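Undergrad: Pasting the sequence and the predicted coordinates here, then a few questions.
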Amino acid sequence: MLPTPEVKDIDYDKVYEPSEDSFLLLDCFEQEQDYIRKRFGNTSSPLITEIGSGSGIVSTFFAKHILPKSVVLTTDVNPHACQTTLNTAKQNQTENETLRLDAAQMNLTDAIRPKAIDVLIFNPPYVPASEVPDIPKDEADPTWLDLALLGGEDGMVTTWQVLNNLQTTLSQDQGVAYILFCARNKPDEVAEKMRRQGWQVDLIISRKAGWEVLSVLRFVRN
């Protein structure tokens with residue numbers, strides 16, 4: 001089993017605490033490591049992007065253990081999450097390594113050029129809510145954490161923004177996306193709809209977490 005990155009000195013009132021969904025993604029990538037390495041074995045510096053990196057535990061794990069030759073660029077609208085991600089990466093570096101990981105404050109992948117991302121990782125705000133929260137205008141605002149949790153109708157408003165843009169976000173030949181869902185997001189229906197749009201969709205891992213069932217789907221072009 002690959003070691004889990006250490007996460008410490010985090011203000012969990014402002015940044016999403018690593019939970020069952022975070023650890024499911026770690027297990028997903030440990031399971032997928034051979035597939036990913038084979039897919040990007042001839043790519044010199046594949047670009048990995050995690051949307052909504054939170055504590056940075058997933059991106060740090062990926063950069064350390066799955067594809068160390070990659071360049072990892074995380075995005076989050078929450079400035080506290082961006083700084084925490086950088087701190088987590090730094091805390092988990094050894095003396096003989098430098099993780100090629102940076103964090104950018106942005107919405108989804110808005111500032112990344114089209115078809116540049118080789119591996120897209122997204123643990124979305126999947127809790128159903130009446131609406132998606134507005135982005136706070138003040139770093140001291142106490143509602144930053146809501147952005148990591150509340151996903152609007154069916155918990156899928158933000159996730160559909162990402163899914164509908166995969167065609168222009170992922171690199172043309174090799175791009176792959178790993179997206180986490182809860183059962184209330186109706187992942188089977190999502191998968192079928194994306195297949196009808198020309199995507200190969202595979203269930204990689206699924207687990208019951210308390211009262212919820214979480215799963216990670218992999219999306220690649222047919």
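TA: Here it is on my side, so go on. Numbers count the residues shown, from 1 in each chain.
Undergrad: how distant is the host helix or strand of residue 50 from the center of its chain?
TA: Using DSSP states H and E, residue 50 sits in strand 47-51. Remark: strand 47-51 is offset 7 Å from the chain centroid, using CA atoms, centre = their mean, to the nearest Å.
Undergrad: Return the list of helices and strands in contact with it.
TA: With contacts taken as 3 or more CB pairs under 8 Å, 6 or more residues apart in numbering; DSSP states H and E, strand 47-51 sits against helix 57-61, strand 71-76, strand 119-122. Glycine gets a C-beta too; all of them are placed from N, C-alpha and C.
Undergrad: The same query, at a cut-off of 10 Å, please.
TA: helix 57-61, strand 71-76, strand 101-105, strand 119-122, helix 157-164, strand 176-182 (3 or more CB pairs under 10 Å, 6 or more residues apart in numbering; DSSP states H and E).
Undergrad: between the helix ranked longest in the chain and strand 47-51, what angle do the directions make?
TA: When the chain is parsed with DSSP state H, its longest helix is helix 20-39. Counting by axes from the mean of the first three to the mean of the last three CA atoms, to 10 degrees, helix 20-39 lies at 160 degrees to strand 47-51.
Undergrad: which one of the helices and strands packed on strand 47-51 is the most hemmed in?
TA: Among these, helix 57-61 has the highest mean neighbour count (mean count of other CB atoms under 10 Å), at a mean of 27.
Undergrad: Pipe the helices and strands packed on strand 47-51 into CSV and attach distance to residue 87 and mean pLDDT per row.
TA: Putting these into CSV (distance: least, CB to CB, whole Å; pLDDT from 0 to 100) gives the following:
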stretch, distance to residue 87, mean pLDDT
helix 57-61, 10, 98
strand 71-76, 12, 98
strand 101-105, 10, 97
strand 119-122, 19, 98
helix 157-164, 25, 97
strand 176-182, 23, 98
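Undergrad: now the end-to-end length of stretch 10-29.
TA: 24 Å (CA to CA, to the nearest Å).
Undergrad: Quick one: mean pLDDT over that stretch.
TA: Mean pLDDT, stretch 10-29: 96.
Undergrad: now it, how far from the chain's geometric center?
TA: Counting by CA atoms, centre = their mean, stretch 10-29 comes out at 10 Å from the chain centroid.
Undergrad: Just the buried residues of it, please?
TA: Neighbour counts over stretch 10-29 (16 or more other CB atoms under 10 Å) mark 10, 14-16, 18, 21-26, 28-29 as buried.
Undergrad: what angle separates the longest helix of the chain from strand 176-182?
TA: On the basis of the same axes, to 10 degrees, helix 20-39 is oriented at 160 degrees to strand 176-182.
Undergrad: which helices and strands does helix 20-39 pack with?
TA: Helices and strands touching helix 20-39, by 3+ CB pairs under 10 Å, 6+ apart, are helix 57-61, strand 119-122, strand 176-182, strand 199-209, strand 212-221.
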